[in-house]
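In: All I have is the shape, not the residue letters:
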Ligand code: HXC
Ligand code: NAP
């Protein structure tokens with residue numbers, strides 16, 4: 001992470017207490033930023049703050065379910081009261097589970113849309129008054145499902161497609177004030193909750209890795225490096241993009257993984273067991 005210097009910058013990572021987003025929080029901390037994190041679990045927030053402080057960063061955090069706009073607003077306000085204007089916000093809280101559209105309840109679909117899409121909107125509205133103008137950067141964490149239809153992922157596909165259009169619309173609305181809004185779209189990232197849910201067994205994991213043109217699963221550092229770049233002056237003229245950081249997976253491998261997921265869900269369905 002050596003090329004990046006975020007000394008004196010204020011960064012907030014929503015959903016920053018595990019997996020990919022925590023890797024992003026740690027990368028900004030290692031680059032000298034003050035880093036705040038937020039998620040539902042107080043234990044995960046506390047653990048992450050301690051890890052960021054161990055990296056030498058000033059750190060704080062708050063507990064919030066992104067589905068609750070008012071709690072998010074108060075949490076963001078508390079970071080602003082302590083540190084002042086926000087330079088970078090990474091918004092990546094999300095939920096996922098594999099389930100066919102006909103096999104999930106309305107509330108199951110709604111839960112993912114509420115967390116991923118409505119939650120991103122709540123975060124964007126809450127941070128807008130406190131983002132540095134000009135110079136602030138908002139990065140949404142998207143997913144391949146935003147652009148590639150996958151069986152068993154209707155909720156995530158719909159929600160993340162909405163997130164990427166939110167990115168593009170906010171880039172238009174906020175560009176004149178010097179706020180850049182972009183999405184980073186991770187591929188399959190090893191050792192994460194998201195991968196565990198879509199590829200639960202070692203042979204699934206191997207098949208996904210083989211379907212990536214670059215021949216390996218991603219690491220949280222791969223995504224963190226893209227965020228460090230996008231939030232930096234080096235990316236000063238980049239706004240409204242959706243940047244895949246996926247080893248080329250969205251060129252074909254992601255669809256193959258989706259087909260395998262569909263086959264797995266169909267073979268587990270009660271109808272298939274009757275045969
Ligand atoms: C069908 C399910 C289900 C499942 C939950 N539900 N799991 N339906 N199959 N496996 C249903 C429940 O029955 C309920 O509907 C509704 O969804 C809400 O469930 P709750 O448990 O009450 O919700 P909540 O506690 O709010 O939890 C939200 C969650 C949970 C999304 C369901 O899994 C969660 O908190 N996830 C966060 C962590 C996570 O998912 N990380 C991975 C992100 S990866 P009813 O009708 O019974 O009320 C990602 C993209 C990965 O986003 C891309 C990889 C390439
Ligand atoms: P993860 O470890 O489960 O991370 C999700 C984070 O969001 C956690 O910090 C979680 O903490 C928080 N969170 C979840 N629901 C929340 C809610 N309602 N309100 C507030 N915070 C909430 O998952 P991950 O696999 O690393 O995924 C991280 C991001 O990358 C997600 O946006 C995901 O869509 C995207 N992505 C992942 C992959 C992959 O391969 N894993 C691929 C493409 C895209 P709490 O539980 O404490 O709330």
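Out: Alright, I've got the coordinates. Since the structure is predicted, the reported quantities are computational estimates derived from the model, not experimental observations. Ligands and ions are numbered 1, 2, ... in the order given.

In: how about the residues of the stretch 151-275 of the chain near ligand 2?
Out: When proximity is defined as Cβ under 6 Å from any ligand atom, the stretch 151-275 of the chain approaches ligand 2 at 186, 188, 189, 192, 193, 194, 195. (C-beta placed from N, C-alpha, C; glycine too.)

In: So which of those residues sit within strands?
Out: When these are checked against strands (DSSP state E), the matches are residue 186.

In: and the residues of the stretch 151-275 of the chain next to ligand 2 as JSON lines, adding neighbour count?
Out: Output for those, formatted as JSON lines (neighbours: other Cβ atoms under 10 Å):
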{"residue": "186", "neighbour count": "25"}
{"residue": "188", "neighbour count": "25"}
{"residue": "189", "neighbour count": "21"}
{"residue": "192", "neighbour count": "22"}
{"residue": "193", "neighbour count": "14"}
{"residue": "194", "neighbour count": "17"}
{"residue": "195", "neighbour count": "21"}
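
In: Intersect the residues of the stretch 151-275 of the chain next to ligand 2 with the contacts of ligand 1.
Out: Judged by Cβ under 6 Å from any ligand atom, the overlap between those and the neighbourhood of ligand 1 comprises 188, 193, 194.

In: Can you give me every residue that contacts the second one?
Out: Same thing as residue 193. 18, 19 (Cβ atoms under 8 Å, 6 or more residues apart in numbering).

In: rewinding a little: want to try CSV for the residues of the stretch 151-275 of the chain next to ligand 2, with distance to residue 26 as columns?
Out: Conversion of those to CSV gives the following (distance: Cβ to Cβ, whole Å):
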residue, distance to residue 26
186, 16
188, 20
189, 14
192, 14
193, 17
194, 18
195, 19
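
In: Closest one of the residues of the stretch 151-275 of the chain next to ligand 2 to ligand 1?
Out: For these, the minimum distance to ligand 1 (Cβ to the nearest ligand atom) is 2.8 Å, reached by residue 194.

In: Just put the ones next to ligand 1 among the residues of the stretch 151-275 of the chain next to ligand 2 in JSON lines and tack on pLDDT.
Out: As requested, those are exported to JSON lines (pLDDT from 0 to 100):
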{"residue": "188", "pLDDT": "98"}
{"residue": "193", "pLDDT": "98"}
{"residue": "194", "pLDDT": "98"}
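
In: Residue 112: which of those is nearest?
Out: Nearest to residue 112, judged by Cβ to Cβ, of those is residue 194 at 12.2 Å.

In: Do I have it right that that closest one meets residue 97?
Out: No. Under the criterion of Cβ atoms under 8 Å, residue 194 is not in contact with residue 97, lying 10.3 Å apart.

In: Fine by me, we can end here.
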